[in-house]
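[1] take this sequence and fold it.
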Amino acid sequence: MTVGLPLPPVPEPYHLPFHYGALHNIGVDYLVEPEPVRELLGKRHPGLAAAEFDGMACVSLNYQLYFAHYPGGGGITQEVEINVIAHPLFSGDRVPVLNYGQYARGYDQTKLLGIARLHVLCDNPLAIDAGTRLYAEPKYPGWFETVMPSLNAPSVRERWSVSCRRASLGPDGLRRHDEELFAVEADLVGLTPEPVSNTPITGYGTDEEGTLLAGPLNVHQPYRYYALDDRTAERVRLALGSPAEEAARDLARLIADAPAAGVWTYQSAPVAAHNRPYYVR
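    Numbers count the residues shown, from 1 in each chain. Coordinates of the predicted model:
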């Protein structure tokens, strides 16, 4: 007698696991009143319950820039997730009791605490299709204007900014629109990060039949975690855009004027450097 569930299908032309060639990532967490989170989560992911940290729920914004190579070339993708930290309804008695700082530092090794995706905006049509079909992500078009630390621009030190704007898909690919959904800025200069091992990150999705899926993401080096307090929370600024856009409305409802509680960053190490030339005479 077979016990358990079958694995979700992997539709063509995709293969798993999906390997990232490089990843640049910033996440910002907000501790918020739990009731609006519970209400929205119940509509989007009825199989999940919102995690609580000292009586507060956690909403997380997660921007990613990543590269992947394929047999015929490479692709660059940007996306941002609007997430709620949650766990399956049936697992409430298996989830450890943690405060937010312990969660951010990876103390939960059950990995039942994961990201329940409310919105995923992405500038790559292939990645939109893959995220929707493979992981049941609520993924749709968006585009981005960003500033991030780079060894190729050493004057930009530990400052991040991400503006997420509306886009649509047409026969010619991604079409950009002017409406800004939200923008987040983080000035981390002078703050001391700590290395944290908080992966694999469990990502939850709910498919069209209402079935809950979970997919883990492994990041092979530690994140840099910045714990914020009343003095440093102002280093992160969130601006909400057009209230006509659902993502902006949900953020306004869930986060309101809550300060940021923590920031976590990851940037892939360089693998090669083309050095300064010299004269040959």
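[2] roughly how far apart are the closest residue to Glu194 other than its chain neighbours and Gly27?
    The spatial neighbour of Glu194 that comes closest, neighbours along the chain excluded (Cβ to Cβ, 6 or more residues apart in numbering), is Tyr225 at 5.4 Å. Every C-beta, even on glycine, is put in place using the N, C-alpha and C of the backbone. According to Cβ to Cβ, to the nearest Å, Tyr225 stands 9 Å off from Gly27.
[3] list the residues that contact both of these two?
    Any residue near both Tyr225 and Gly27 by Cβ atoms under 8 Å, 6 or more residues apart in numbering counts here, and that gives Val263, Trp264.
[4] neighbours of the nearest residue to Ala260 once chain neighbours are set aside, how many?
    Spatial nearest neighbour of Ala260, chain neighbours left out: Val236 (3.8 Å); criterion: Cβ to Cβ, 6+ apart. Val236 has 24 neighbouring residues, counting by other Cβ atoms under 10 Å.
[5] cool, and Gly74?
    10.
[6] any idea which helix or strand comes after the strand or helix carrying it?
    Under the criterion of DSSP states H and E, Gly74 resides in strand 73-88. As assigned by DSSP H and E, the chain's next helix or strand after strand 73-88 is helix 100-104.
[7] quick one: distance of that following helix to the chain centre.
    16 Å (Cα atoms, centre = their mean, to the nearest Å).
[8] stretch 87-101 now?
    20 Å.
[9] what is the mean pLDDT for it?
    Mean per-residue pLDDT for stretch 87-101: 94.
[10] same deal with stretch 243-263?
    The model assigns stretch 243-263 a mean pLDDT of 94.
[11] so which bits of that stretch are buried?
    Glu245, Ala247, Ala248, Asp250, Leu251, Leu254, Ile255, Pro259, Ala260, Ala261, Gly262, Val263 (16 or more other Cβ atoms under 10 Å).
[12] my guess is Glu119 contacts Asn62. True?
    Not quite, residue 119 is His, not Glu. No: using Cβ atoms under 8 Å, His119 is not in contact with Asn62; the gap is 10.9 Å.
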